[in-house]
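>>> From the sequence below, what's the structure:
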Amino acid sequence: MPAFGQILGIEGTAWNLSAALFDQDLLCLCSRPYSPAHGGIHPREAAQHHASVIKEVIASVLLEPDKVTGVAFSQGPGLGPCLRTVATAARSLALALDVPLVGVNHCVAHVEIGCWATGCRDPIVLYASGANTQVIGYLNGRYRIFGETLDIGIGNALDKFARAKDHPHPGGPLIETQAKAGNYFELPYTVKGMDLAFSGLVSAAKDAKEPLSDVCCSLQETAFAMCVEVTERALSLTGKDEVLLVGGVGANARLQEMLKIMCEERGAQFFVPERKYLGDNGAMIAYTGKLMFESGQSLAIEHSQVNPSFRSDEVEVTWKHEVTHPPDHGQDGSTGQKRGAEAVVSFRDGNAVKQRVSKRYRAPALDKKLISERTRAEARLIHIARKGGVPTPVMSDITHDSIVMEQVTGTLLTGSLSAAHCEEAGRMVGRLHTTGIMHGDLTTSNMILRQSDGRCVLIDFGLSQVTTEIEQRGVDIHVMFQTLKSTNPKEAGVFCAAFARGYMETFAGAGEVLAREQEIELRGRYL
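Predicted coordinates for the structure are as follows:
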């Protein structure tokens with residue numbers, strides 16, 4: 001492994017132009033943020049700002065150029081004009097200093113500097129920034145995206161609301177301050193399996209007539225609860241025992257508090273780096289560039305084009321080692337309990353009792369509402385699905401937070417994946433969509449291969465809804481495909497194709513839905 005000295009890192013994906021030097025530790029860091037006079041960030045104005053200060057910023061950290069052994073820059077994702085400004089400077093410096101050049105994924109850099117600053121080893125990461133909201137975890141040589149926003153990032157969501165109330169950019173800190181004096185009231189809560197969406201929430205908050213402090217409180221409580229729920233679901237799915245919060249929105253004390261409570265309830269450790277490493281900063285680019293250099297990664301100048309849609313799961317992570325956290329795939333315990341992301345299942349007398357548990361991180365009114373609504377909806381939709389030919393557990397009793405149903409013995413699809421099993425799962429989901437139901441949490445952890453006949457039984461209808469919208473069905477399939485890609489990257493193509501074959505056998509509109517899933521996959525998240 002080659003040894004490298006000082007690495008210069010330059011960050012400038014959006015609002016903040018920053019540079020840093022890193023060897024065994026952070027040597028120096030300089031930032032010059034762009035603040036728009038009105039409204040949000042204008043890409044060309046931000047790029048012009050970066051160009052006007054980049055010489056000063058780099059000069060302030062580059063005190064001994066002869067000691068620099070590599071130049072790293074933020075290659076994406078980000079705003080195109082800003083990325084190009086930084087890339088041009090990085091290329092020029094690499095040529096002038098005659099040192100290697102490396103393009104760093106901005107999202108991965110947030111994760112790596114967070115791990116370095118906190119000492120965590122293998123976390124589930126909630127990356128919450130202006131333009132990005134993703135739940136990420138390392139698996140099989142890459143950072144996999146377990147869930148993400150389907151529309152705008154949480155920071156942008158907060159900024160859009162703040163602009164509507166004539167608050168300056170950034171809006172998050174002002175909303176946080178107002179929220180401390182407010183009371184919660186109901187706003188739209190949109191979680192779709194492992195993904196989430198903020199547009200409806202922001203629109204409703206803008207239109208709300210309640211006092212501003214109450215709106216700010218409710219906006220935060222709802223948006224953050226959505227983020228924590230998806231993070232908890234990924235934690236449950238992967239069996240990891242650490243959670244790391246990164247990104248500029250991670251500075252919010254209430255979001256930190258909610259994640260800490262969730263981790264305490266699940267026996268996981270919670271980590272958050274100090275504030276200077278949360279927002280966009282040159283240190284994260286320099287440090288990640290150092291990791292990449294030392295594992296043999298660098299770029300030729302002619303291959304150093306920026307990538308505004310650069311996803312974290314596109315990066316080959318050559319510097320990290322696998323840490324195994326096998327989740328419990330068994331489903332045949334007769335006396336024990338199975339705990340999922342939002343419910344505990346107890347087994348007795350041939351029955352399974354699924355009881356939704358209260359989440360202390362959620363506002364009490366929101367918690368009570370979600371538990372009651374999801375329990376009632378689950379029971380009703382299990383009944384409709386079963387009438388439509390979908391294998392589901394037979395129910396025998398329902399309360400406000402519990403459903404008593406038959407115990408389906410077998411193995412979760414997660415622990416017994418094959419092309420044949422995925423094809424059968426596709427047939428089952430095709431029948432489900434034919435009934436007009438979208439599952440809402442279509443993952444391999446919610447499908448059991450029944451021991452008695454090998455049939456694929458669908459469970460956990462807690463996020464399901466009746467809809468014939470192609471978009472909603474596409475999201476269902478997208479969640480399933482993302483789960484297969486995240487947990488089984490080497491065979492994901494085979495498994496997804498098998499699932500699609502089965503789906504097309506039993507659902508007449510499958511072609512249109514699969515095409516929509518491709519659109520969802522290709523949509524840029526950096527908005």
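
>>> all helices of the chain, in order?
43-61, 80-97, 106-118, 154-164, 172-179, 199-207, 212-238, 253-266, 282-294, 364-387, 419-434, 470-487, 492-506, 510-522 (DSSP state H).

>>> Throw those into TSV and include mean neighbour count, mean pLDDT and distance to Leu187, thanks.
C-beta coordinates here come from the backbone N, C-alpha and C atoms, glycine included. Formatted as TSV, the helices of the chain follow (neighbours: other CB atoms under 10 Å; pLDDT from 0 to 100; distance: least, CB to CB, whole Å):
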stretch	mean neighbour count	mean pLDDT	distance to Leu187
helix 43-61	17	93	30
helix 80-97	20	96	32
helix 106-118	25	97	28
helix 154-164	23	93	11
helix 172-179	19	94	13
helix 199-207	17	96	5
helix 212-238	23	95	5
helix 253-266	18	97	15
helix 282-294	28	96	33
helix 364-387	17	94	9
helix 419-434	22	96	29
helix 470-487	23	89	20
helix 492-506	19	96	34
helix 510-522	16	90	24
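
>>> So Asp214 sits against Gly182, correct?
Yes. Under the criterion of CB atoms under 8 Å, Asp214 makes contact with Gly182 at 4.3 Å.

>>> just to revisit the earlier point, of the helices of the chain, which is nearest Ser18?
Nearest to Ser18 among the helices of the chain is helix 282-294; the distance by CB to CB comes to 3.8 Å.

>>> what helices or strands is the closest one leaning on?
Helix 282-294 sits against strand 6-11, strand 16-22, strand 26-33, strand 68-76, strand 101-105, helix 106-118, with contacts defined as 3 or more CB pairs under 8 Å, 6 or more residues apart in numbering; DSSP states H and E.

>>> Give the residue farthest from the middle of the protein.
In the chain, counting by CA atoms, centre = their mean, Asp66 sits farthest out from the average C-alpha position, at 40.2 Å.

>>> Find me the pLDDT at that residue, would you?
pLDDT, Asp66: 92.

>>> Tell me the spacing between it and Gln24.
From Asp66 across to Gln24, the span is 18 Å (CB to CB, to the nearest Å).

>>> rewinding a little: let me have the helices of the chain in a markdown table, extended by distance to Val457.
Converted to a markdown table, the helices of the chain look like this (distance: least, CB to CB, whole Å):
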| stretch | distance to Val457 |
| --- | --- |
| helix 43-61 | 49 |
| helix 80-97 | 47 |
| helix 106-118 | 36 |
| helix 154-164 | 35 |
| helix 172-179 | 43 |
| helix 199-207 | 32 |
| helix 212-238 | 18 |
| helix 253-266 | 26 |
| helix 282-294 | 43 |
| helix 364-387 | 10 |
| helix 419-434 | 8 |
| helix 470-487 | 16 |
| helix 492-506 | 15 |
| helix 510-522 | 21 |
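
>>> so which of those comes closest to Gln305?
Of all the helices of the chain, it is helix 80-97 that lies closest to Gln305, at 7.7 Å by CB to CB.

>>> Kindly export that closest one (C-alpha atoms) in CSV.
Provided in CSV are the C-alpha atoms of helix 80-97 (Å, rounded to 0.1, in the frame of the first residue of the first chain):
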residue,chain,number,x,y,z
GLY,A,80,-23.0,21.5,-12.2
PRO,A,81,-21.5,25.0,-12.4
CYS,A,82,-20.1,24.7,-8.8
LEU,A,83,-18.6,21.3,-9.5
ARG,A,84,-16.9,22.5,-12.7
THR,A,85,-15.3,25.4,-10.9
VAL,A,86,-13.8,23.2,-8.2
ALA,A,87,-12.7,20.5,-10.7
THR,A,88,-10.9,23.0,-12.9
ALA,A,89,-8.9,24.3,-9.9
ALA,A,90,-8.1,20.7,-8.8
ARG,A,91,-6.9,19.7,-12.2
SER,A,92,-4.7,22.8,-12.4
LEU,A,93,-3.2,22.2,-9.0
ALA,A,94,-2.5,18.5,-9.7
LEU,A,95,-0.7,19.4,-12.9
ALA,A,96,1.3,22.3,-11.3
LEU,A,97,2.3,20.2,-8.3
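
>>> Quick one: work out the angle between that helix and strand 6-11.
Orientation check (axes from the mean of the first three to the mean of the last three CA atoms, to 10 degrees): helix 80-97 against strand 6-11 gives 160 degrees.

>>> any idea how far helix 80-97 is from the chain center?
29 Å (CA atoms, centre = their mean, to the nearest Å).

>>> I'd like to know how far Val86 sits from Glu56.
Val86 sits 14 Å away from Glu56, taking CB to CB as the criterion.

>>> of all the helices of the chain, which lies closest to Ala131?
Nearest of these to Ala131, taken as CB to CB: helix 154-164 at 5.9 Å.
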